[in-house]
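In: Test case, fold it:
(one chain, ligands or ions: 1)
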Amino acid sequence: MEHCVKSNVNSTKLREIGNQYYAKREFFEAILKYNKSLCYAENESENAALAYANRSAVYFEMKKFEKCMKNIELARAHNYPKKNFEILKKREEKCFELMKNLKITKSDNDEVNFFKLSHEGHKNVSTFSKYLELKYDKKYGRHIVTNKDLAVGDIIAIDESFSTALQKEFVYQRCGNCLKSNQLDLIPCFGCNQAMFCNENCKQNANENFHQYECSIMNLITSSILNSNMRMALRNFIIAISLFDDSIENLKRFFEINSTSCTIFDFKTELNVKQKLLAVNSLIFDDTIEVNDLVFDEIFLTTDKLKEMWKSHKDFIRKFLRKHTQIASMNFHEIYGWPLKIGGLIDPDVEKFQKSLAYQRGVVPYANGSFPFCALLNHSCAPNVCKIFIDNKIVMIVQRKIEAGMQLFDNYGYGFTNIPREYRQAELFKQYRFKCNCIACINDFGLLPSLKICDKKTFMVAKKTCSELSSLNQKKAKQKIKELSEIIQNQSKNFPSLEICSLMESFNACLEIVMKPEILFP
Ligand SMILES: C[S@@+](CC[C@H](N)C(=O)[O-])C[C@H]1O[C@@H](n2cnc3c(N)ncnc32)[C@H](O)[C@@H]1O
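Out: Residues are numbered from 1 along each chain as shown. As a prediction, the model looks like this:
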């Protein structure tokens with residue numbers, strides 16, 4: 001297991017490996033090594049400055065002149081050796097010169113404004129539509145229905161996480177607080193070698209909310225002893241005690257005073273973090289899900305701050321961690337996004353594309369998160385809503401007409417178009433403990449290639465749409481989303497025909513294209 005203490009020896013080695021990548025013009029790998037080198041650099045040593053300076057060289061080659069200059073400044077601010085100042089000065093002058101001649105083409109891709117709620121917000125919590133209601137029945141438990149017809153393309157929720165945690169492979173690629181990649185332009189934690197942030201603000205927030213506890217045990221946290229559910233449980237516990245000024249007594253009292261079965265629908269004011277904690281703590285779980293408690297013992301006995309708490313409140317902490325691991329397994333989400341390096345894009349081959357899943361379109365999971373609204377949606381193998389991730393938010397979008405009174409169904413990763421029924425049902429039962437009897441399961445819809453064509457003209461549109469996907473930019477993808485919404489909405493009676501299901505896949509692919517980062521590393 002790697003230690004999380006700083007080490008100039010390791011920092012230098014990592015920078016040298018970065019230099020080899022830089023020489024081969026493998027810029028993504030080079031910056032990753034420089035980032036790691038930055039994290040290992042001892043405070044006040046020139047290693048940090050050298051990593052910033054080398055990162056500026058990569059941004060220069062990539063023609064990212066503003067980032068280049070920012071990294072030059074950072075290098076100077078971190079003890080860059082005076083004898084080499086001339087190199088930076090020359091690079092900076094070249095930047096100025098080249099920027100003067102560069103026509104700045106501001107991107108019009110504003111995904112935050114594109115993905116806005118389609119209706120007024122709910123009367124209590126404005127992050128989801130006012131037409132949504134929470135219901136309960138024996139078969140589905142809690143679930144969400146609409147009291148008004150919803151149309152394809154309607155954005156019905158923008159759910160903000162209570163907590164997120166980067167997967168360990170991404171700690172040098174994304175901000176440990178807000179999850180943004182910032183084109184790898186990240187700053188290191190002062191204390192450990194395994195956390196980076198996109199700016200000082202995020203660094204401070206992370207330290208106030210969780211990192212002050214995690215910093216000295218990042219090596220344990222990112223080792224393989226914690227699975228992603230346990231990782232989220234630990235993060236939730238740390239956020240929870242930080243919210244109560246590190247007092248377990250106060251946290252206990254908070255849970256005692258407040259109901260343990262509330263949801264995001266119960267709050268009368270705009271959500272605050274403590275309310276989100278209550279909502280997440282009230283999510284459904286199954287106590288028979290196995291949790292290896294011994295791992296938590298090991299983690300809590302490793303640092304003095306946690307050890308004290310563990311000694312005096314072991315039972316409460318164990319119970320919290322156990323419950324949140326079980327909640328995570330049944331409710332939390334993997335957060336998907338585009339990899340930062342070109343590759344794994346949409347396969348232009350129509351046949352292959354028709355069988356695709358999100359990961360075949362190119363997006364990959366890089367973090368996990370707890371989302372108090374989305375965790376109330378039940379599963380269908382033929383869902384009527386889909387979701388995309390904007391950093392630490394989930395945007396929920398209608399992908400099939402939903403009439404008033406009907407339930408909203410998400411998909412837990414097992415769609416009927418590409419996974420056989422028996423496999424879906426077995427996996428859903430194993431993880432989520434229910435037997436799926438959605439319309440696709442009851443009617444055994446069959447995989448996409450076996451579906452029938454209902455309308456030849458629309459089938460031709462679906463085929464053409466598939467073949468165009470790989471050439472769509474963000475602007476065109478936005479137009480396409482509108483076009484496809486209308487067709488899917490108008491032809492909803494033909495669901496599940498080959499053409500409608502294929503159009504729905506294309507609709508999803510277009511949503512992903514809108515989220516594609518503007519600059520990918522070559
Ligand atoms: C994310 S939660 C959804 C909200 C949940 N129904 C509740 O009461 O809080 C996931 C759990 O809901 C239940 N569930 C989800 N989809 C279902 C379905 N199609 N039929 C029956 N139960 C389902 C399962 O217990 C599953 O573990």
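
In: which residue packs closest to the residue of the stretch 51-200 of the chain found nearest the ligand, ignoring adjacent ones?
Out: Using CB to the nearest ligand atom, the point where the stretch 51-200 of the chain gets nearest to the ligand is G141, with a distance of 2.8 Å. C-beta coordinates here come from the backbone N, C-alpha and C atoms, glycine included. In space, and not counting its chain neighbours, G141 is closest to I284: 6.2 Å by CB to CB, 6 or more residues apart in numbering.

In: Looking at I346 now. What's its pLDDT?
Out: On the pLDDT scale, I346 is placed at 36.

In: no, scratch that, I was asking about Q360
Out: 51.

In: circling back: my read is the residue nearest to G141 is in a helix, agree?
Out: No - counting by DSSP: H, G, I helix; E, B strand; the rest coil, I284 is located in no helix; its state is coil.

In: one step back: what's the burial count for the residue of the stretch 51-200 of the chain closest to the ligand?
Out: 12 (other CB atoms under 10 Å).

In: List the beta-bridge partners for it.
Out: Under DSSP bridges, the beta-bridge partners of G141 are D137.

In: my guess is the residue nearest to G141 meets I327, correct?
Out: Yes - contact criterion CB atoms under 8 Å: I284 and I327 qualify, at 7.5 Å.

In: When these two are compared, which one has more neighbours?
Out: I327 (24 against 14).

In: ok, whichever residue of the stretch 151-300 of the chain sits closest to the ligand - contacts?
Out: The nearest approach of the stretch 151-300 of the chain to the ligand comes at I284, 3.8 Å away (CB to the nearest ligand atom). Contact analysis of I284 by CB atoms under 8 Å, 6 or more residues apart in numbering lists 141-142, 327, 330-331.

In: Kindly report the residues of this structure close to the ligand.
Out: Contacts of the chain with the ligand, taken as CB under 6 Å from any ligand atom, map to 139-143, 283-284, 330-331, 375-376, 378-379, 432-434, 436, 438.

In: Throw together a ChimeraX command that grabs the buried residues out of these.
Out: This is the ChimeraX syntax for the buried subset of those, where burial follows 16 or more other CB atoms under 10 Å:
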select :142,143,283,330,331,375,376,378,379,432,436,438
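
In: List the ones among the residues of the chain next to the ligand that fall in helices.
Out: Among the residues of the chain next to the ligand, the members found in helices (DSSP state H) are 330-331, 432.

In: right, and out of those residues, which lies closest to S492?
Out: Closest approach between these and S492, by CB to CB: Y432, at 27.2 Å.

In: and the gap between the closest one and K82?
Out: Using CB to CB, to the nearest Å, Y432 is found at 61 Å from K82.

In: Also V5?
Out: From V5 across to K82, the span is 28 Å (CB to CB).

In: just so I have it, where are all the helices in the stretch 351-500 of the chain?
Out: Assigned by DSSP state H, counting those that start in this stretch, the helices in the stretch 351-500 of the chain fall at 358-361, 421-432, 439-442, 456-468, 474-490, 498-514.

In: For the fourth one, list every residue counted as buried.
Out: So the one you mean is helix 456-468. Neighbour-count burial for helix 456-468 flags 458-459, 461-462, 465-466 (criterion: 16+ other CB under 10 Å).

In: neighbours of Q183, just the number please.
Out: 18.

In: I misspoke; the intended subject was K252.
Out: Look at K252: counted by other CB under 10 Å, it has 14 neighbours.

In: and what of K314?
Out: Applying other CB under 10 Å, we find 13 residues neighbouring K314.

In: and what of T288?
Out: Residues within reach of T288, counting by other CB under 10 Å, total 7.

In: in a helix, that's where it is, yeah?
Out: No - T288 is assigned coil when assessed by three-state DSSP, not a helix.

In: Identify the residues contacting it.
Out: T288 makes contact with no residue, according to CB under 8 Å, 6+ apart.

In: before we move on, what about N209?
Out: When contacts are counted by CB under 8 Å, 6+ apart, N209 touches 177, 238-239, 242.
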